[in-house]
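[1] build me a structure from this.
(2 chains)
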Amino acid sequence: MANLPNDMKNKYRIIAERLLLGLNILLLYFLLLEKFIEIPYWLQPLGRLHPMILHFPIALLLLSMGLEFFRFRKEFSKEKFYQDFLRYLLLFSVVTAALAAVMGLFLSLEEGYDGAVLTWHKWLGAGIVFFASVLYFARDKTWYQEKIAKISASSLIVITLMAGHYGASLTHGEDFIYMPIIAGREVVVPIEEAIVFDHLVMPVLEKKCNSCHNQSKAKGELIMTDKVSLLKGGKTGKLFDNESLEESLMLHRLSLPMEDEEHMPPSGKPQLSPEEKLLLELWVKNKYDFEMKVLALPAGDSLRLVSTNVLNPSGKRKTYEFDMPDEKTLEALNNEYRVIRPLSKESPALDVTIYNPKSYTSQSLVELEPIKEQIVSLSLNRIPVEDEDLTIVNQFTNLERLNLNFTNITGNGLQTLTSLKNIEHLAISGTSVALNDLKPYLSSLKRLQTISVWNTEIDVDDLELLRDEFKNIQIVAGRDGLEEEKIKLNVPILKNQTNIFRDSIALDIGHPIEDVTVRYTLDGTEPDSLTSPVFEKGKVWLDRTTLVNAKAFKEGWFGSTNTTFSVYKNKYPPDSVNLLSRLNRVHPANGHATFFDGDFGGFNANSPAWANNWAGFSNEDMELFLTYNQEIEVASVSFNVLVEPETIIFPPSQIEIWGGKSKDDLKLMGRLTPELPTEERKPYIQLISTTINPTKVNCLLVIGRTLKEIPSWHRNKGRGALLLVDEMFIN
Amino acid sequence: MDKNIIEHHLNLNRRKFLSTMSLGLGSVALGSLLMPDLFKGNGQMEGELAAAIPDFAPKAKRVIYLFQNGAPSQLESFDYKPKLKEMVGQDLPESIRGGQRLTGMTANQSSFPLVGSFSGFNQYGESGAWISDLFPYTSKIVDDICIVRSLHTEAINHDPALTFFQTGAQQGNRPSMGAWLSYGLGSENKNLPAFTVLLSRGIGNGQGVYSKLWTNGFLDSVHQGVQFSSGEDPVLYLRDPKGMSRVERRKILDNLAELNHMSYEKFGDPEISAKIQQYEMAYRMQTTVPDIMDLSKEPDSVIKLYGPDCLVPGTYAANCLLARKLSESGVRFVQLYHQGWDQHGNLPYEITRQAKDVDQASAALVTDLKQRGLLDETLVIWGGEFGRTNYSQGKLTKDNYGRDHHPRCFSIWMAGGGIKPGTVYGETDELGYNVIKNPVHVHDFQATVLNQLGLDHEKLIYKHLGRRFRLTDVSGKVVKDILV
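    Next up, the predicted model:
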């Protein structure tokens, strides 16, 4: 500006001064009529610029007040640049301050700003503008001397800092600066003493509700600072609805969508975290009890879980007061069957697990004496621990978790564990502990959270009794009534090494479950539980290709579904197999060996059994030449085909069996036209047998003609089909 | 300790050695392997060295991951969408699809007819979660599990999606989740591997499962998953050759170890020591594995719990029971794969059977762990690699349809291990196509699993070929809302 001609300088100055006056009036007007003003939405963005703009007036004002403070010093008073610069700087700062103030007012009128901090900030901010404006216009008057300048400058600096501080508190929260220090000092209530309302609900209300619902400012005539006021409710009504707790006004307001006018806390205010919301919800649904202790809630109760979580958030490391264990001792005690590990890095607490029942002796526990203080978790699962051994365990006084599943301990042993006051999780599943021993012991454990008693002497009635008496302990047993539950047996399985035989085979049917009776039939009917023959190993001999039906039965179980096994007779496995035609490129299986390798194909195209066992023919017919070193008398030729119409896998259209003494002397001995599927159906495997007049031959030619035209019902009608064959049987 | 070994630059300082020795895997070799850079620079470890001890006190000690390979439809299991039934046959609105890429299997379809679940849904438990009628047993344990309906992934085909889930990358060769855990936490029971794999197959359309899914990647080979199979030899090459006695075996191993020690002292290669450890573990496994694989001693109540199929080797039920036994014996990570969930067509028929295959045993596993007091320290996960489309693949008829791959939303459930029981997390839109609330990315899921085991996913790092690798790559956030 120093370069501009004087009149130009003045022109800008005058415009700025008028602007300043105008802004002052506008500010005053807004301040006085605040209650009657509603900011149009298009002006709201202007208000939201306040937090950005305000940094200019703060910095500029502080700078200009600094300069103003020293303005009357001799060396400066004659310095033209100093004086000119200060005048324009001050003018500019005051104008930006006034702008910031007006914007700030706009912002304050938006929903969600209220409270003492805002009031302070508002009036201090406006005060700065007025004070600085007066100062600007008065500073050239004759009465304005060094003393006044110094006093005014210092006061304005102080006011600016204060307004700034309150403004910051508004955006960041009141304890923003000290938070890191305060947070660390948070008093943690031990869970034993925690009361749901006092220690969990109230802090949420304090943090998120009470700034608007307190004695001095009761929005909606609602105060949420104490029990009486909470029960009283507000203008809209009572907070809790005893008829239907879930529809209580308090929960309703919390659960409304953010956009809803009535959503609480209002938009712009800090919202409840999901955990806080859940906490309030569960507390209200739990009949908004003001006295309930956390530990008085049943174990596994949602409110108790959430409360425990809040009081002892995960990740917060538990601290132990005992010393770090000696590294050398640990090294010496660790071995293949006894694993000792610290809970985490730098934690003195140890977790000990003993494996391998065979190498266990009481010595395995006695040796742990040097670290008895540090052991917080001990697992003796399936280790033959006797009652006497528990006296050693009783020395591990800091134990929090003890697993005695399937040990040899009894209720008497349990009674010796008197020093383990810190136990939280105890597992005695599979031991012979009974109700009378467990009850007194449980009463002595104050910190116990869970105990597993599955597979002990404790029955369903005992369990109910225990759960009734120890509401705050989660008592885990197995699934109720499983012993009596009747479930269906699975099907029997064929245990023969192979289901293909030459002359005869002793059927071997088994079942994975012991003492199961298997009933079977050989005539294709389903076996029943009464009359069908009972399977006995080694007694059932088959001498022909047979379809076996079988079912399993056992007392206390439902009988299995019917299952079928095919056993195939293959009296004349050929001495050599020659494949005269080519296999489909993508279905090579195991080449010519596929047909007599004893491996059957399955249904699932993605399984190896599919790819390895189905030999495919698509353009060419199957032509298989079999030779025998010794003459055979052949009466039938059978083979398995897969039929899956959906993927155009069809049976052959025709089968021809040629035979003779040598390959130059073949005669057609039999011909068969297999039945084709006539409609879309699920995939199935079909054994196709061609019978011929018994003839003595040395070689055979088996031809399976692929279906050249898929029938007209199929969507691929007219195309050629695929033929898949896995096994062949010559009899 | 031998002076030569101490002097070797690949080895550790004494204090670290002792602590790793006593607390970790208990072996020289692994100790040095885990701390390859110990002698570089100022001893600052850059947080990349796992000491086989959790970073913070873990909620879970072990994981059993019931992987439903092939991607079960969320719409017929845990994500109830009645709106789809109303809109059956109508075309999927482009506004919902939002340019989502499709697989080659449906990209050319002329229309995308919406289709609702053929099976009914009901609410169960205190949480009131909706569960399909196909999962009657799972619905009984609903208050023990946390259903996450807002999983989403990046891959759209089985192999990359599966690989992504297991290794954090769609391409192969990165360490699998189980290998990372083995690396980060070491094994619990030194008589068994830290990471085992069990396979089974359902009746439905199956998809391949390859050993790359349980690879150790660039981590040391001790962290590789060991596959247990159903046959005569549950662990391949474990059995002694015919005619060899156990005493002889011991002698051979001792001599072999001596030779190996000699070459270790000479070369200081940690792989040599790892080898010694592997031989020793295999020797011990010869006695522990048959014990575990023997299911004949299980009481009737357990058999009824899992269903009688649990005694048929190789079935999903048997694998669940085995998983419990392995986990109970201290195997950190038991990975099951059940194939057959890829219902592109014929969905109602196939998924009914698939569900029947896994429902009872999965629920039984949770109950069984719970009744042994082990559920709170064992994290059980049930889920596939992605979800399925809300429209029918192929022809939609009155009672038949199929569903294509859908990466944008799917459901899994978790139980135990410090996961909040009886909760349902995340939400999809009313057509079940997009996540609208609390999305959980695969990396978020992985970060959460590691977190439950006491590992910070941002600190579980392995430097390889000049790059620092993590299971969660460069993203992943622990889903705190579902933690107890």
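[2] let me see the ranges of the strands in the stretch 51-200 of chain B.
    For the stretch 51-200 of chain B, strands defined by DSSP state E, counting those that start in this stretch occupy the ranges B:62-68, B:121-124, B:129-132, B:145-152, B:195-201.
[3] residue B:110 is nearest to which of those strands?
    Nearest to residue B:110 among the strands of the stretch 51-200 of chain B is strand B:145-152; the distance by C-beta to C-beta comes to 27.1 Å. From N, CA and C alone the C-beta is placed, and that goes for glycine too.
[4] how about the secondary structure of whichever residue of the stretch 501-650 of chain A sits closest to chain B?
    For the stretch 501-650 of chain A and chain B, the shortest gap (C-beta to the nearest C-beta) falls at residue A:512, measuring 3.4 Å. Using DSSP: H, G, I helix; E, B strand; the rest coil, the secondary structure recorded for residue A:512 is coil.
[5] surely it touches residue A:495?
    No. Contact criterion C-beta atoms under 8 Å: residue A:512 and residue A:495 do not qualify, at 10.6 Å.
[6] those two: which is more packed in?
    residue A:512 (22 against 12; other C-beta atoms under 10 Å in any protein chain shown).
[7] excluding chain neighbours, what is closest to the residue in the stretch 351-484 of chain B positioned nearest to chain A?
    Residue nearest to chain A within the stretch 351-484 of chain B: residue B:373 (3.1 Å; C-beta to the nearest C-beta). Spatial nearest neighbour of residue B:373, excluding adjacent residues (C-beta to C-beta, 6 or more residues apart in numbering or on different chains): residue A:427 at 3.1 Å.
[8] phi first, then psi, for that neighbour.
    phi -120, psi 120 (degrees, to the nearest 10).
[9] ok, it - contacts?
    Residues near residue A:427 by C-beta atoms under 8 Å, 6 or more residues apart in numbering or on different chains: A:381, A:402-405, A:451-452, B:372-374.
[10] just the ones of those in strands?
    With strands taken from DSSP state E, the overlap with the contacts of residue A:427 comprises A:402-403, A:451-452.
[11] show me which of those residues neighbour chain B.
    When C-beta under 8 Å from any C-beta of the partner chain is applied, the members of the ones in strands among the contacts of residue A:427 adjacent to chain B are A:403, A:451-452.
[12] those residues into a markdown table, with extra columns for pLDDT and neighbour count?
    Formatted as a markdown table, those follow (pLDDT from 0 to 100; neighbours: other C-beta atoms under 10 Å in any protein chain shown):
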| residue | pLDDT | neighbour count |
| --- | --- | --- |
| A:403 | 94 | 26 |
| A:451 | 92 | 27 |
| A:452 | 92 | 27 |
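[13] counting neighbours, what do you get for the residue nearest to residue B:316 when sequence neighbours are not counted?
    Residue nearest to residue B:316 in three dimensions, not counting chain neighbours: residue B:200, with 4.3 Å by C-beta to C-beta, 6+ apart. Applying other C-beta under 10 Å, we find 24 other residues in the vicinity of residue B:200.
[14] same check on residue A:60?
    18.
[15] in the stretch 151-300 of chain B, where is pLDDT below threshold?
    Across the stretch 151-300 of chain B, not a single residue meets the criterion (pLDDT under 70).
[16] just chain A next, same as before
    Counting by pLDDT under 70, the ranges of chain A that qualify are A:1-9, A:111-114, A:173-176, A:179-188, A:215-217, A:300, A:312-318, A:480-481, A:483, A:606-607.
[17] domain ranges for it, per the record?
    What automatic domain parsing lists as the domains of chain A is A:6-172, A:187-310, A:327-476, A:493-569, A:576-730.
[18] could you measure from the residue nearest to residue B:316 over to residue A:54?
    67 Å (C-beta to C-beta, to the nearest Å).
[19] residue B:389 against residue B:407, yeah?
    No. Look at residue B:389 against residue B:407 with C-beta under 8 Å: they stay out of range, at 10.1 Å.
[20] those two - which one has more neighbours?
    Taking neighbours as other C-beta under 10 Å, residue B:389 and residue B:407 compare with residue B:389 leading, 26 against 22.
[21] what residues are up against that one?
    B:106, B:112, B:403-406, B:433.
[22] go on, residue A:717?
    Contacts of residue A:717 (C-beta under 8 Å, 6+ apart): A:709-711.
[23] ok, it to chain B distance?
    Separation of residue A:717 from chain B (C-beta to the nearest C-beta, to the nearest Å) stands at 17 Å.
[24] check residue A:59 too.
    38 Å.
[25] try residue A:264
    Residue A:264 is 21 Å from chain B, by C-beta to the nearest C-beta.
[26] tally of neighbours for that residue?
    Counted with other C-beta under 10 Å, residues neighbouring residue A:264 total 22.
[27] for the closest residue to it other than its chain neighbours, what is the enclosing helix or strand?
    Nearest residue to residue A:264, sequence neighbours excluded (C-beta to C-beta, 6+ apart): residue A:253, at 4.1 Å. Taking DSSP states H and E as the criterion, residue A:253 maps to helix A:249-255.
[28] mind checking how far that helix is from the chain centre?
    The chain centre lies 28 Å from the centre of helix A:249-255; the measure is C-alpha atoms, centre = their mean, to the nearest Å.
[29] helix or strand right after it?
    helix A:274-285.
[30] ok, back up a step: where's the nearest residue to the residue of the stretch 501-650 of chain A closest to chain B once chain neighbours are set aside relative to residue B:232, distance?
    Leaving out its chain neighbours, the residue that sits closest to residue A:512 by C-beta to C-beta, 6+ apart is residue B:311, at 3.4 Å. Residue B:311 sits 16 Å away from residue B:232, going by C-beta to C-beta.
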